[in-house]
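**Student:** Compute the structure for the input listed below.
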Amino acid sequence: MPKRLIMTPMVIIGVLFFLFGFVTWLNGSLIPFLKAICDLNEFEALFVTFVFYIAYTVMALPMSYVIEKTGYKNGMILGLAIMAAGSILFIPAAHSASFLLFLAALFILGSGLTILQTASNPYIVCLGPIESAAMRISIMGLLNKGAGVVAPILFTALILSDIGSLDALSAETKEELASKLILPYIVMALILISLMALVKFSKLPELEFEKDEVREKKSIFASPRVVLGAIALFFYVGIEVIAGDTIGLYGGHLGMANVTSLTSYVMSFMVLGYALGVALIPKYLSQEQALLLSALLGILFLFGVVASSQSHGISELLWGWSGIRTLPNTVTFVALLGFANALVWPSIWPLALEGLGKQTAQGSALLIMAIAGGAILPLIFGKISYVSGDMQSTYLMGVICYLFILLYALKWHKIKSWKEF
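**Tutor:** Modelled structure (predicted):
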């Protein structure tokens, strides 16, 4: 495909990836916020992540068939429309401060994101050589996680600018805070509708694949690299969401103020990781090596979370000189998980989708379904933390997640037949 045609799709998909990040990582701020205004415990508050990410599992395969019928471009437009509907539902949810309505709105947002992600990720893989796909996805990741840096800061500035702590709020304050959500989600709905027009009238080409009748007669589950890639992604998304969406709860557990902005630290490290991916892959670092390094760093940082204290030495070393608020060492290691996680998604996608041809939409849907890890694993984390009363040690469950990623990096991505497993 000529470069002049590649650039326009890359810009359009880049805008969408920024949107993915903004909507997704806003959950890190919504969790402690809804915990306060809806009087929830840690376990109940993490139903925010459960409902949002379970939508990917429920809707991914149906959406893949929609994409096969409508095409990738029209699928994106439909996804944006569904997300706009979810944003509008936040208005009555905020009026009533109903947690069930908030969950319904989040499920609809997640459903819209499902079709957008199912359609857009294959674009990035296919718009160039497969060997450099992780680099292109890393560029998208910079935008995605850059939005993740902005979203919590913007949320805190707009919603909590005159409130330092979410503890012991009066009924009137809770009602006032809930009403502040209305305008931002009206603006979000308008932006989503505008993006529908952008995609509709863009020069975004339709993806076309060569026919492979032998492969197309087989189930997508006959491709072990895709299935095992989905398993690895399940555990990856689980630990990614645990890092990004529980850091606020953990900070609150330690008595920190303005905890709704803590997700920005995790996202900042992810942006750094993606930037390194753009610079190093594939010239200096293969996709397999990036995946291996990510798993090992993740395990190292998890032990750092559990073994470190509430002193500020590591945080001051990393960014204290810049005037940015320092964090307790244990919270800093949670934030560093963002760096370990950054290159996992970009590395697994091209390894899993290579050679799928017309089954790419189904393979993409299977990988998107793995985002259910972001629904299930944080909920398990919340339950263990709530029952044990020890959130710090609960982070060790993430070691299991990184072990599955390590297996995919070392062996699973090479398996072409289940007989080799």
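**Student:** So which bits of stretch 59-73 are buried?
**Tutor:** Buried residues in stretch 59-73, defined by neighbour count with 16 or more other CB atoms under 10 Å: M59, A60, L61, M63, S64, V66, I67, Y72, K73. C-beta coordinates here come from the backbone N, C-alpha and C atoms, glycine included.
**Student:** The residue nearest to F102 when sequence neighbours are not counted: neighbour count?
**Tutor:** For F102, ignoring the flanking residues on the chain, the nearest one in space by CB to CB, 6 or more residues apart in numbering is A93 at 4.6 Å. For A93, the tally of surrounding residues (other CB atoms under 10 Å) stands at 22.
**Student:** K419 too?
**Tutor:** One way to gauge burial is a neighbour count; for K419, by other CB under 10 Å, it gives 7.
**Student:** Equivalent analysis for Y123, please.
**Tutor:** Close neighbours of Y123, defined as other CB under 10 Å, add up to 22.
**Student:** which helices and strands sit right next to the helix or strand it falls within?
**Tutor:** Taking DSSP states H and E as the definition, Y123 sits inside helix 99-126. Here helix 99-126 touches helix 3-25, helix 27-37, helix 47-70, helix 72-96, helix 133-159, helix 344-353, helix 360-369, going by 3 or more CB pairs under 8 Å, 6 or more residues apart in numbering; DSSP states H and E.
**Student:** State the pair within the buried residues of stretch 59-73 that is farthest apart.
**Tutor:** Checking those against each other with CB to CB, the farthest-apart pair comes out as L61 and K73, at 20.0 Å.
**Student:** follow-up on the earlier one: got the buried residues of stretch 59-73 as a markdown table, with distance to F301 and pLDDT columns?
**Tutor:** Listed next are the buried residues of stretch 59-73 as a markdown table, based on distance: CB to CB, whole Å; pLDDT from 0 to 100:
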| residue | distance to F301 | pLDDT |
| --- | --- | --- |
| M59 | 32 | 85 |
| A60 | 30 | 79 |
| L61 | 34 | 79 |
| M63 | 34 | 79 |
| S64 | 34 | 77 |
| V66 | 39 | 83 |
| I67 | 36 | 81 |
| Y72 | 36 | 80 |
| K73 | 39 | 83 |
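**Student:** From these, pick the one nearest F269.
**Tutor:** Checking the buried residues of stretch 59-73 against F269 by CB to CB gives A60 as the nearest, at 28.0 Å.
**Student:** how far away is that closest one from L367?
**Tutor:** Between A60 and L367 the computed distance is 8 Å (CB to CB, to the nearest Å).
**Student:** same question, I299
**Tutor:** According to CB to CB, I299 and L367 sit 23 Å apart.
**Student:** Could you check which of those two is surrounded by more residues?
**Tutor:** It is L367, of I299 and L367, that has more neighbours when counted by other CB under 10 Å, with 27 against 19.
**Student:** Now do the same contact list for K383.
**Tutor:** Taking CB atoms under 8 Å, 6 or more residues apart in numbering as the contact definition, K383 lies against F43.
**Student:** helix or strand for it, which one?
**Tutor:** With DSSP H and E as the test, K383 turns up in helix 373-388.
**Student:** Can you give the distance of that helix from its chain's centre?
**Tutor:** Distance of helix 373-388 from the chain centroid (CA atoms, centre = their mean, to the nearest Å) equals 17 Å.
**Student:** next one: stretch 100-108
**Tutor:** Using CA atoms, centre = their mean, we find the averaged C-alpha position of stretch 100-108 to lie 18 Å away from the chain's own average C-alpha position.
**Student:** Dump that stretch to CSV, keeping only the CA atoms.
**Tutor:** Presented in CSV, the C-alpha positions along stretch 100-108 are these (Å, rounded to 0.1, in the frame of the first residue of the first chain):
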residue,chain,number,x,y,z
LEU,A,100,-26.8,0.1,38.6
LEU,A,101,-27.4,2.8,36.0
PHE,A,102,-23.7,3.7,36.1
LEU,A,103,-22.9,0.0,35.5
ALA,A,104,-25.3,-0.2,32.6
ALA,A,105,-23.7,2.9,31.0
LEU,A,106,-20.3,1.4,31.4
PHE,A,107,-21.4,-1.9,29.8
ILE,A,108,-22.7,0.0,26.8
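**Student:** For the helix or strand harbouring L291, enumerate the helices and strands it packs against.
**Tutor:** Taking DSSP H and E as the criterion, the element that holds L291 is helix 287-307. Helix 287-307 sits against helix 133-159, helix 329-341, helix 344-353, helix 391-394, helix 398-410, with contacts defined as 3+ CB pairs under 8 Å, 6+ apart.
**Student:** now it against helix 344-353, angle please.
**Tutor:** Compare the direction of helix 287-307 with that of helix 344-353 by axes from the mean of the first three to the mean of the last three CA atoms, to 10 degrees and you get 140 degrees.
**Student:** Give me the contact list for helix 287-307.
**Tutor:** By CB under 8 Å, 6+ apart, the list of residues contacting helix 287-307 from outside reads 131, 133-134, 239, 277, 280-281, 285, 329-330, 333-334, 336-337, 339-344, 346-348, 350-351, 392-393, 395-396, 398-399, 401-403, 405-406, 408-410, 413.
**Student:** Adding distance to S170, write the helices and strands packed on helix 99-126 out as a markdown table.
**Tutor:** Written out in a markdown table, the entries for those read as follows (distance: least, CB to CB, whole Å):
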| stretch | distance to S170 |
| --- | --- |
| helix 3-25 | 29 |
| helix 27-37 | 11 |
| helix 47-70 | 23 |
| helix 72-96 | 18 |
| helix 133-159 | 16 |
| helix 344-353 | 42 |
| helix 360-369 | 42 |
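**Student:** Looking at the ones you listed, which is nearest to M270?
**Tutor:** Of all those, helix 133-159 sits nearest to M270, with 4.0 Å by CB to CB.
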